[in-house]
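Asker: here is a sequence together with a model predicted from it:
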Amino acid sequence: MMKEAKPANAWTIARPLAGACLLAATSACAVIPGLKSASSQEAEKTPRATVDGMPAALQTRANELVRVAEPAPRSVLEARNRVSKSAGLLQDLLSSEGYLAAEVTPSRIDTLNEAPVLVANAGSLFKVSTRTFAGRGDMVPEVASQLDAELAALPEGATARTASIESLDDQLVRSLRRQGYAFAYSEGIDVLASRADANVELTFLLVPGPRVALGTLELPGIDARGAKMIRSLKTWEDGDLYNPAVIDKLRTRLRSTGLYDGIGVTVADTAGPDGLHTVTASLVPGDPRTVSVGATASTTEGVGVDGYWEKRNLTGRADRLRISANVATLARDLTAVYERPNIGQYGRTLSLETGVRAEETDAYDLTGARIGASLAQPFSKNLTLSVGAALDATRTLDERARIAGGIERDQLTLSFPVSANYSDVEDVLDPQSGLRLFAGTETGVSVGDKTPGYTRLHLTGSTYRAIADNIVGAVRAEYGAFIGSNAVPPDKLFFAGGGGTVRGYEYQSLSPRDAAGILTGGRNLFALSAEVRWRASERFGYAMFTDIGAAGDDAGSVFSEAAASVGVGLRYYPGFGPIRFDIATPLDARDGDAPVQVYISIGQAF
């Protein structure tokens, strides 16, 4: 049996791998939305040739390759050159699919009026006979054994497709790097092809390089205090083997600090005297301050302006101070939050908060001051648990006392909130996919004219799924339960109605009322929303939605008394997230309910 070895002409039978890459790029252009239809219409006006003899499974792709949008040839020579190029593309296509001995012959063109024909002779479909790899002697035996196992991804007898062979080559290099060979690469693929047996023998020319054990983290240009903080983010112990995931994790941690505009991480080519390779992080500091301003408006909650000022890295420990303010028709607040990350271990964050607030709603007037602290610990990339304590001083005047000219209630509430957050959503302003879950419980005691204890449970969840091109379905559910005396500050109870729960109804209007018709807080809450969001263009999108929910005195009433609404929305995308304009109408309108309500804000409703 005669074998032909690369570079003599084994893979020239198969055509160059580079030709297959060009073929893949050409095919990809054909499936880009908006390009395929335009180019196809042009191509039908100037087809290069008719294709005969292709295998049935490749006929459609072959036809696409010879339909090229171009002006008519100006000479017979130009026509011949074009058809020859198309013949080469078809031969690349056949080779990439395993027809390594294929030939494509163009018909002779003597005049510009002739219709050219490309005749394909596919020949035999070549199979993989054997596959092995070079560089085995430069690897430790257990790594070589693992690579042997990974060769099973291209079993003997498999069709010798270019994409499969190149994919395995990439996979072997990635596996070497995961096993500590940081500088591993491939010099290519040696192919021995047999025409008689229609098979190929493959040798992947791997160059492992040294096996790298990681050492110290070098930080050029960083002062001692900053370096101490950054080294606390280190993702390996000295002597650990290199793994790309370890380096990627360090980059992620550095990005999460929000301190750097540029992050470069490199591993030294050679080991130091201790046999370890140093890792160097080159960091470009970003602006340590941020100022943000936003606005909202609705026919139920009025208008509002909010903003914050943030200073990062106050003490060189990646800490931050944020001062935020909100001024709106129904509420105002001023809050300062200090966060100190990596307390004791990576990811554990201490938050200290203080603030004042004032609210005037149909149910109550409230002014208050609050101090609190919490400790948050991530347990995975997406899940974070938090525990805390807060002391809240409030002065409230409920609607009944307001009408009767009663006195205000002064209370001091000590609470202990515990919460769990899960999110794998990438864009918080405009989620396209993923899941968000929140579960929180708060136990406390309120001291004033009475001393009631209470426990408050609050659950929310939302999910986002693509249901078609540029169309996202979104669903949100919310449930709340309160155990204890209603003598607590009224904002510890639940209210429904308005932009945060059920659009189309007045703010808090879907909440319990006493015998005199005065709004009181509910002990339970239920709300459900569903939206279909269509991104029609780069700048504009549309939404249809329905909301249902209520607050009630017991778990049963929130379902039996739930009210529903429907609406439509416009989304404008200026580049940082959608500006939302929603119009909703109640389906269970009561006396006094307006026929429509309007909501304007930044970001999706949920």
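Answerer: Ah, there it is.
Asker: count the neighbours of the nearest residue to Gly347 once chain neighbours are set aside for me.
Answerer: Leaving aside its sequence neighbours, Gly347 sits nearest to Pro378 (C-beta to C-beta, 6 or more residues apart in numbering; 4.3 Å). (C-beta placed from N, C-alpha, C; glycine too.) For Pro378, the tally of surrounding residues (other C-beta atoms under 10 Å) stands at 15.
Asker: for Arg74, see how far away Pro378 is.
Answerer: 66 Å (C-beta to C-beta, to the nearest Å).
Asker: run through the bridge partners of the residue nearest to Gly347.
Answerer: Pro378 forms beta bridges with Thr384, as assigned by DSSP bridges.
Asker: quick one: the strands in the stretch 1-150 of the chain, in order.
Answerer: All strands of the stretch 1-150 of the chain, identified by DSSP state E, counting those that start in this stretch, fall at 4-5, 50-52, 103-106, 117-121, 127-133.
Asker: neighbouring strands - and their directions - for the second one?
Answerer: Each strand paired with strand 50-52, and its direction, by DSSP bridges: strand 117-121 (parallel).
Asker: now for the residue nearest the centre of the chain: which residues touch it?
Answerer: Against the mean C-alpha coordinate of the chain, by C-alpha atoms, centre = their mean, the closest residue is Glu426 at 3.3 Å. For Glu426, the contacting residues are 432-434, taking C-beta atoms under 8 Å, 6 or more residues apart in numbering as the criterion.
Asker: pLDDT score assigned to it?
Answerer: Turning to Glu426, the model gives it a pLDDT of 89.
Asker: and the contacts of the strand or helix carrying Leu214?
Answerer: According to DSSP states H and E, Leu214 maps onto strand 214-218. Contact with strand 214-218 is made by 230-231, 234, 236, 238-242, 246, 267, 271-272, 274, 276-281, as judged by C-beta under 8 Å, 6+ apart.
Asker: buried ones in it?
Answerer: For strand 214-218, a neighbour-count test (16 or more other C-beta atoms under 10 Å) marks 214-217 as buried.
Asker: can I get those in TSV with pLDDT and distance to Gln91?
Answerer: As requested, the buried residues of strand 214-218 are exported to TSV (pLDDT from 0 to 100; distance: C-beta to C-beta, whole Å):
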residue	pLDDT	distance to Gln91
Leu214	97	47
Gly215	96	51
Thr216	96	54
Leu217	96	52
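Asker: just name the closest of those residues to Ala564, please.
Answerer: Leu217 (56.8 Å; C-beta to C-beta).
Asker: now stretch 284-293: average pLDDT?
Answerer: In this model, stretch 284-293 has a mean pLDDT of 92.
Asker: brain fart, stretch 587-602
Answerer: 91.
Asker: just the terminal-to-terminal distance for it.
Answerer: By C-alpha to C-alpha, to the nearest Å, the extent of stretch 587-602 from end to end equals 26 Å.
Asker: now it, how far from the centre of its chain.
Answerer: 34 Å (C-alpha atoms, centre = their mean, to the nearest Å).
Asker: likewise for stretch 258-266?
Answerer: Relative to the chain's own centre, stretch 258-266 is displaced by 20 Å; criterion: C-alpha atoms, centre = their mean.
Asker: with only the CA atoms kept, save the strand holding Leu214 in PDB.
Answerer: Taking C-alpha atoms only, strand 214-218 is exported to PDB below (Å, rounded to 0.1, in the frame of the first residue of the first chain):
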ATOM      1  CA  LEU A 214       2.900  29.300  39.700                       C
ATOM      2  CA  GLY A 215       4.700  31.500  42.200                       C
ATOM      3  CA  THR A 216       4.400  35.100  43.400                       C
ATOM      4  CA  LEU A 217       2.000  37.700  42.000                       C
ATOM      5  CA  GLU A 218       4.000  40.700  40.800                       C
END
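Asker: adjacent strands (with direction) for it?
Answerer: Paired strands of strand 214-218, defined by DSSP bridges, are strand 277-285 (parallel).
Asker: check the offset of the strand it pairs with from the chain's centre.
Answerer: That offset, for strand 277-285, works out to 26 Å (C-alpha atoms, centre = their mean).
Asker: after it, which helix or strand is next?
Answerer: strand 289-298.
Asker: from the contact counts, what lies against that next one?
Answerer: strand 302-312, strand 597-602 (3 or more C-beta pairs under 8 Å, 6 or more residues apart in numbering; DSSP states H and E).
Asker: now tell me what touches the shortest one from outside.
Answerer: The contact list for strand 597-602, computed with C-beta under 8 Å, 6+ apart, reads 294-300, 429, 499, 503-506, 577-585, 605.
Asker: and these, which are buried?
Answerer: Buried by 16+ other C-beta under 10 Å: 296-300, 499, 503-506, 578, 580-585, 605, out of the contacts of strand 597-602.
Asker: among the helices and strands packed on strand 289-298, which is nearest Arg571?
Answerer: Closest of the helices and strands packed on strand 289-298 to Arg571 is strand 597-602, at 10.7 Å (criterion: C-beta to C-beta).
Asker: can you state the direction angle for that closest one and strand 302-312?
Answerer: Angle of strand 597-602 versus strand 302-312, following axes from the mean of the first three to the mean of the last three C-alpha atoms, to 10 degrees, is 20 degrees.
Asker: show me the helices in this protein, by range?
Answerer: 10-14, 17-29, 36-43, 59-66, 76-96, 141-150, 162-178, 224-231, 244-256, 399-404, 555-560 (DSSP state H).
Asker: quick one: closest of the ones you listed to Thr443.
Answerer: Nearest to Thr443, of the helices of the chain and by C-beta to C-beta, is helix 555-560 at 19.3 Å.
Asker: so what does that closest one touch, helix or strand wise?
Answerer: Using 3+ C-beta pairs under 8 Å, 6+ apart, helix 555-560 sits against strand 524-535, strand 540-552.
Asker: run the last query once more with 6 Å
Answerer: strand 524-535 (3 or more C-beta pairs under 6 Å, 6 or more residues apart in numbering; DSSP states H and E).
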